[in-house]
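1. Curious how this folds, go ahead:
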Amino acid sequence: MYKRILVATDGSKLSNLAVQHALKLADVTGAEVVALKVVPRYPQTYFEGGVALAAEEIKRIEKEWQAEAMEVVNAVKAEGQKMAVKVKPATVKSDLVAEAIIAAAKKHKADLIVMASHGRRGLKRLLLGSETQQVLTHSHIPVLVLR
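-> Residues are numbered from 1 along each chain as shown. All right, here's what the predicted structure looks like:
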């Protein structure tokens, strides 16, 4: 059925539920899992919400974010090892989260994308947006959304 499942995670409690579901599904189907965390770049201008910092400070912050992302995906790998599920940890640096998830799924030849959704409605959805909705709208790979 599935050979490779990409699970998008940010390390939150909600996304951890999606991770657990993806691991169980992989265990049942014999699939591999790609655990993906998208790491943003540091905002460079006031318009993006950033504070002017020296280039070396920005590099230090981005390196820290990358290390935290690796901790998140390596935790998924450790959970997979407990279940005898092969997990490949992956991080991608991008401000366009949905596009990065779709591109990673194509790159890793995933059969399924698993991710969580907060299920926001109304004004909150308009203001905060929905990466999950963007993935659902633009992905040609099936997407399993958990709430």
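
2. Quickly find the element holding Leu6.
-> Applying DSSP states H and E as the criterion places Leu6 in strand 4-8.

3. For the next helix or strand along the chain from that strand, give the mean pLDDT please.
-> The element immediately downstream of strand 4-8 (helix or strand, assigned by DSSP H and E) is helix 13-29. For helix 13-29, the mean per-residue pLDDT is 96.

4. Which of the residues in helix 13-29 are classified as buried?
-> Within helix 13-29, the residues that count as buried by 16 or more other CB atoms under 10 Å are 15-16, 18-19, 21-23, 25-26. Placement of C-beta: from N, CA and C, glycine included.

5. From Lys82, how far out is the closest residue to Ile113 other than its chain neighbours?
-> The spatially closest residue to Ile113, leaving aside those adjacent along the chain, is Val143, at 4.7 Å (CB to CB, 6 or more residues apart in numbering). As judged by CB to CB, to the nearest Å, Val143 and Lys82 stand 26 Å apart.

6. More neighbours: which of those two?
-> Taking neighbours as other CB atoms under 10 Å, Val143 and Lys82 compare with Val143 leading, 20 against 8.

7. isn't the more buried one right up against Leu112?
-> Yes: with contact defined as CB atoms under 8 Å, Val143 reaches Leu112; the gap is 7.5 Å.

8. is it true that Glu62 touches Ala55?
-> No: Glu62 is not in contact with Ala55 according to CB under 8 Å; the separation is 10.6 Å.

9. Which one of the two is surrounded by more residues?
-> Neighbours per residue (other CB under 10 Å) separate Glu62 from Ala55, with Glu62 holding more: 15 against 7.

10. got the buried residues for the helix or strand containing that one?
-> Using DSSP H and E, Glu62 sits within helix 55-82. Neighbour counts over helix 55-82 (16+ other CB under 10 Å) mark 58, 65, 69, 72-73, 75-76, 79-80 as buried.
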